[in-house]
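> everything below, folded, please.
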Amino acid sequence: MILGVSTMKKKNVLNLIKYYAEKNDAAFRNEAYEIAKSFDETKDYQLAEYIMAVLSDANTFSPQMDAVAHAFFKRVELANTAALPLPDVIKDDVLGIVNAVGHNAGINKFLFEGPPGSGKTETAKQIARILERELFIVDFDSVIDSKLGQTSKNIAALFDEIRTVPHPEKVIILFDEIDSLAINRINSNDLREMGRATSSVLKGLDSLDDNILLIATTNLYKSFDKALSRRFDAVIDFSRYTKDDLLDIGEIILNELLIKFKSAGRNMRLFRKILSCMETISYPGELKNIIKTSLAFSDPNNEYDYLKRLYNSIDKPAKEDSLKYMQNKGFTVREIEILTGISKSQVSRELKE
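Residues are numbered from 1 along each chain as shown. Okay, here's the model as predicted:
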């Protein structure tokens, strides 16, 4: 028995040297844990506990270690990111996720589905801030490989990395646009390769520790593999925005941006009318970009120039009928003056004619 343990230790030490030279942190930790376990089995408890303590205290996620320790995911900086506003129905689901984690009941895998710009990725960041966890995003460019069978091997290695994360209760793993595993294929006709990749994901999800909080996002839920969707404890629909929700969210976004643009004036009534001109109001991600661009390009000597730019980017009536068109849309003479630069008197005169 003693000889067997001694032999195993020698093998593990050689592996430690090998994995250190290869800068394979996940495999290095696994071997160190095996050594600690063997010391524990031979009743050398102090040495086993010392090894475990060193591994637990090691700061695997320090910036200088990220590139070495984790081949397939990287840390997301949360300090300078602002959360997108969400409607109450989605906020309730986010609160449910936070509660589920607090209950520690093994509900730990969540799929966010919805169109681009609906707030899926930003909500994952917000959850990380609320739970005071670090967020790590999977780099699918490094996972997907053109070599036959390599993608499924990379997926297996990815989940090995996730399983060996120290202090899993302090992190969130984000599979942003998990559709990449199914559709971003070098040879999309190779169904067997896609099947192998999906099978690897299924196995990885099944083997996850309950302490690992995993969030995946998809824009293509309708074509999502049903076996894969069943692996998630809850699917959150991010398309549940009403028109009033988007108008309110647009107002929140504008108020936040106006703090930075001191020369811009506040006219929320006109702003909401402009957004209402959109056939379909954009989701928060795109909406924020449209509003921010209008402010950034605006004339600092004209407090409402950004509203004019916003309107022109959203609604462009034919020039010959633009004033009447705007009046029919519910804009007042003063508002038409702001949006066109034409004086009120001239607007009134042309409308009468």
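> I'd like the next helix or strand past the lowest-mean-pLDDT helix or strand in the chain.
None of the helices or strands of the chain scores lower by mean pLDDT, DSSP states H and E than helix 63-69, at a mean of 40. Using DSSP states H and E, the helix or strand that follows helix 63-69 in sequence is strand 73-76.
> let me see the mean pLDDT of that following strand.
Per-residue pLDDT values across strand 73-76 average out to 84.
> where are the low-confidence patches of the stretch 151-300 of the chain?
Filtered on pLDDT under 70, the stretch 151-300 of the chain yields the residue ranges 182-195.
> quick one, strands of it?
171-175, 213-218, 234-237 (DSSP state E, counting those that start in this stretch).
> each with direction, which strands does the shortest one pair with?
When sheet partners are counted by DSSP bridges, strand 234-237 sits next to strand 109-113 (parallel).
> how far does the partner strand sit from its chain's centre?
Relative to the centre of its chain, strand 109-113 is centred 11 Å away, using Cα atoms, centre = their mean, to the nearest Å.
> of all the strands of the stretch 151-300 of the chain, which one is nearest D206?
Closest to D206 of the strands of the stretch 151-300 of the chain, according to Cβ to Cβ: strand 213-218, at 12.0 Å. All C-beta atoms are positioned from the backbone trio N, CA, C, and that covers glycine.
> residue contacts, F271?
250-251, 254, 307, 310 (Cβ atoms under 8 Å, 6 or more residues apart in numbering).
> thinking again about what came up before, kindly present the strands of the stretch 151-300 of the chain as a markdown table, with separate columns for distance to K262 and mean neighbour count.
Formatted as a markdown table, the strands of the stretch 151-300 of the chain follow (distance: least, Cβ to Cβ, whole Å; neighbours: other Cβ atoms under 10 Å):
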| stretch | distance to K262 | mean neighbour count |
| --- | --- | --- |
| strand 171-175 | 36 | 24 |
| strand 213-218 | 36 | 25 |
| strand 234-237 | 38 | 16 |
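> just the pLDDT for the residue most central in space within the chain.
Central residue check for the chain by Cα atoms, centre = their mean: the C-alpha nearest the mean position is that of T121, 2.2 Å away. The score at T121 is 93. That number is its pLDDT.
> correct me if wrong: it contacts I172.
No: T121 is beyond contact range of I172, at 11.9 Å (criterion: Cβ atoms under 8 Å).
> the inter-axis angle of the host helix or strand of the residue nearest to the centre of the chain versus strand 109-113?
Per DSSP H and E: T121 is located in helix 120-131. Here helix 120-131 points in a direction 140 degrees away from that of strand 109-113 (axes from the mean of the first three to the mean of the last three Cα atoms, to 10 degrees).
> which ones are touching the closest residue to K170 other than its chain neighbours?
Closest residue to K170 apart from its sequence neighbours, by Cβ to Cβ, 6 or more residues apart in numbering: R133 at 5.5 Å. Listed by Cβ under 8 Å, 6+ apart, the contact partners of R133 are 170-172, 213.
> again, only using 10 Å
Contacts for R133 (Cβ atoms under 10 Å, 6 or more residues apart in numbering) come out as 78, 101, 127, 167-172, 213.
> any of the residues you listed buried? List them.
Buried members of the contacts of R133, counted by 16 or more other Cβ atoms under 10 Å: 101, 127, 168, 171-172, 213.
> quick check: E77 vs E177, distance?
For E77, the distance to E177 equals 19 Å [Cβ to Cβ, to the nearest Å].
> so these two - more neighbours on which side?
Between E77 and E177, counted using other Cβ atoms under 10 Å, E177 has the larger neighbour count: 19 against 11.
> so how far is T121 from that one?
9 Å.
> overlap in contacts of those two?
Taking Cβ under 10 Å, 6+ apart as the contact rule, the neighbours common to E177 and T121 are T217.
> gap between the residue nearest to K170 and I107?
Counting by Cβ to Cβ, the separation of R133 from I107 is 16 Å.
> ok, now which ones touch I290?
Neighbouring residues of I290 by Cβ under 10 Å, 6+ apart: 250, 253, 275, 278, 282, 309-310, 313-314.
> could you dump the residues you listed to CSV with neighbour count?
Output for those, formatted as CSV (neighbours: other Cβ atoms under 10 Å):
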residue, neighbour count
G250, 26
I253, 20
L275, 23
M278, 16
S282, 20
R309, 20
L310, 26
S313, 15
I314, 17
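> out of these, flag the one nearest to Y20.
Using Cβ to Cβ, the contacts of I290 come closest to Y20 at I253, 48.8 Å.
> the residue nearest to that closest one when sequence neighbours are not counted: neighbour count?
Closest residue to I253 apart from its sequence neighbours, by Cβ to Cβ, 6+ apart: K288 at 5.1 Å. Using other Cβ under 10 Å, K288 has 23 other residues around it.
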